[in-house]
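**Student:** Got a sequence here, can you model it:
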Amino acid sequence: MGAAVVGVAVVAAPDPDTVRWVPAYVGLGSNLGDSVALIERAIELIGAHSITRVISRSALYRTAPFGSVQQQPFVNAVVGVLTLETPMQLLQRLLETERSLGRRRDGERWGPRLIDLDLLVHGDARLEVEGLTLPHPGIPERDFVLYPLFDVAPHLSIPVFGVVRDLVGRVTNRGVQRL
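**Tutor:** Presented below is the predicted three-dimensional model:
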């Protein structure tokens with residue numbers, strides 16, 4: 001009797017052009033209008049597309065404004081997403097989301113704003129093009145980014161900067177309060 005072949009499976013090699021889900025992290029901030037409602041709506045809009053899914057979100061935090069402009073405290077958060085979008089595609093959608101919520105980018109840098117959405121990290125991408133640097137260069141010095149990012153990804157290793165749990169231990173807390 002010969003040996004029988006049982007359970008042979010043919011597995012195709014992965015298609016190099018196959019698009020893969022990439023983890024990305026988006027910072028959200030607001031200090032005009034109903035900041036909590038604006039951030040909640042922005043999170044809904046970010047996850048409203050079939051090619052980007054919100055998989056985690058931080059608590060909301062009240063934070064001191066960054067920069068020299070005198071203004072009200074901010075409400076900040078971070079969402080973790082899985083996306084099929086390239087960094088530039090995701091950035092364009094974040095900018096469209098800001099516009100749909102009333103954001104105009106004609107004010108003072110680091111000034112008051114209805115909503116601010118920043119692409120912080122997109123997989124292991126290291127990118128520097130007009131309008132986008134990845135990972136976001138301000139991450140290591142911004143308590144309003146690191147505290148909420150620690151909520152969703154404490155073990156995330158950010159290219160160039162290091163692991164979030166280590167970064168949050170080195171940043172100056174300027175009065176960050178969990179809401």
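**Student:** What lies in contact with stretch 44-52?
**Tutor:** Outside stretch 44-52, the residues within contact range by Cβ atoms under 8 Å, 6 or more residues apart in numbering are 26, 53-54, 79, 81-85, 90, 93-94, 97, 100-101, 117. Using the backbone N, CA and C atoms, a C-beta is placed for each residue, glycine as well.
**Student:** which of those residues are buried?
**Tutor:** Applying 16 or more other Cβ atoms under 10 Å to the contacts of stretch 44-52, the neighbour count classes 26, 54, 79, 81, 83, 85, 90, 93-94, 97, 101, 117 as buried.
**Student:** I'd like to know which elements the longest helix seen in the chain is packed against.
**Tutor:** If each helix of the chain is counted by residues according to DSSP state H, the longest one is helix 87-100. Other helices and strands packing on helix 87-100, by 3 or more Cβ pairs under 8 Å, 6 or more residues apart in numbering; DSSP states H and E, are strand 22-30, helix 35-46, strand 116-122, strand 132-134.
**Student:** Paired strands for the shortest one, with orientation please.
**Tutor:** For strand 132-134, the paired strands and their directions (DSSP bridges) read strand 127-129 (antiparallel).
**Student:** Neighbours of the residue lying closest to Arg165 once chain neighbours are set aside, how many?
**Tutor:** In space, Arg165 comes closest to Pro154 once its chain neighbours are excluded; the distance is 4.5 Å by Cβ to Cβ, 6 or more residues apart in numbering. The number of residues packed near Pro154 is 13, by other Cβ atoms under 10 Å.
**Student:** same deal with Val121?
**Tutor:** By the measure other Cβ under 10 Å, the count of residues near Val121 is 27.
**Student:** which residues does it form a beta bridge with?
**Tutor:** As for beta bridges, Val121 partners with Tyr25 under DSSP bridges.
**Student:** if I pick Gly131, what's in contact with it?
**Tutor:** Leu91.
**Student:** next one: Leu119
**Tutor:** For Leu119, counting by Cβ under 8 Å, 6+ apart, the contacting residues are 24-26, 87, 90-91, 94, 132, 134, 136.
**Student:** These: which two are farthest apart?
**Tutor:** For the contacts of Leu119, the farthest-apart pair by Cβ to Cβ is Tyr25 and Leu132; their separation is 14.0 Å.
**Student:** pLDDT averaged over stretch 93-101 - what is it?
**Tutor:** Per-residue confidence for stretch 93-101 averages out to 94 on the pLDDT scale.
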